[in-house]
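1. need a 3D model of the following:
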Amino acid sequence: MSATTIKVPDYGNQPATDNGQGGNEETRSAVKAALAQIHRIKAKLREVMAQLQELVSLLKIAQKEQRSSAREIQIVRAKLRQIHRLEL
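-> You can find the predicted model right below:
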């Protein structure tokens, strides 16, 4: 029986050349800056979400008040019609 060897193709994976140093300083500072930017974006998104939640709450309150006002207006109109009929 003969042994068959299969060569695994290289898909662009480059071997580490930094001798365990973790990359050059520019790459590390660029990654650090990108992470800092991501954290700032996340913080801003949290602020926006909190503001949107507050807006939702305010809109719900306004909607309830609008319904209440509409009911009150209907009651007043009904009373006015009732008073108008009594005068005749």
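2. gap between Glu47 and Arg40?
-> According to Cβ to Cβ, to the nearest Å, Glu47 stands 11 Å off from Arg40. Quick note: C-beta positions are derived from backbone N, CA and C, even for glycine.
3. try Arg28
-> The gap separating Arg28 from Arg40 is 19 Å, by Cβ to Cβ.
4. ok now the helix or strand hosting Leu35, how far from the chain's centre?
-> For Leu35, the element it lies in under DSSP states H and E is helix 25-87. How far helix 25-87 lies from its chain's middle: 15 Å, per Cα atoms, centre = their mean, to the nearest Å.
5. give me the mean pLDDT for it.
-> On average, the pLDDT along helix 25-87 is 95.
6. output the contacting helices and strands for it.
-> Helices and strands touching helix 25-87, by 3 or more Cβ pairs under 8 Å, 6 or more residues apart in numbering; DSSP states H and E: there are none.
7. going forward can the numbers begin at 456, since that is how I track them
-> All set: I'll call the first residue 456, so the last point we hit is now helix 480-542.
8. which residues sit against stretch 501-518?
-> Stretch 501-518 has contacts (Cβ atoms under 8 Å, 6 or more residues apart in numbering) with no other residue.
9. that stretch: which residues count as buried?
-> For stretch 501-518, a neighbour-count test (16 or more other Cβ atoms under 10 Å) marks nothing as buried.
10. same check on stretch 484-496?
-> Per 16+ other Cβ under 10 Å, stretch 484-496 contains no buried residues.
11. output it as CSV, nothing but the C-alphas.
-> Taking Å, rounded to 0.1, in the frame of the first residue of the first chain, the C-alpha atoms of stretch 484-496 are listed here in CSV:
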residue,chain,number,x,y,z
SER,A,484,-1.7,52.0,18.1
ALA,A,485,-4.1,51.8,15.1
VAL,A,486,-6.0,48.9,16.7
LYS,A,487,-6.1,50.8,20.0
ALA,A,488,-7.5,53.9,18.2
ALA,A,489,-10.1,51.8,16.4
LEU,A,490,-11.2,50.2,19.7
ALA,A,491,-11.4,53.6,21.4
GLN,A,492,-13.5,54.8,18.5
ILE,A,493,-15.8,51.8,18.8
HIS,A,494,-16.2,52.4,22.5
ARG,A,495,-17.1,56.1,21.8
ILE,A,496,-19.7,55.0,19.2
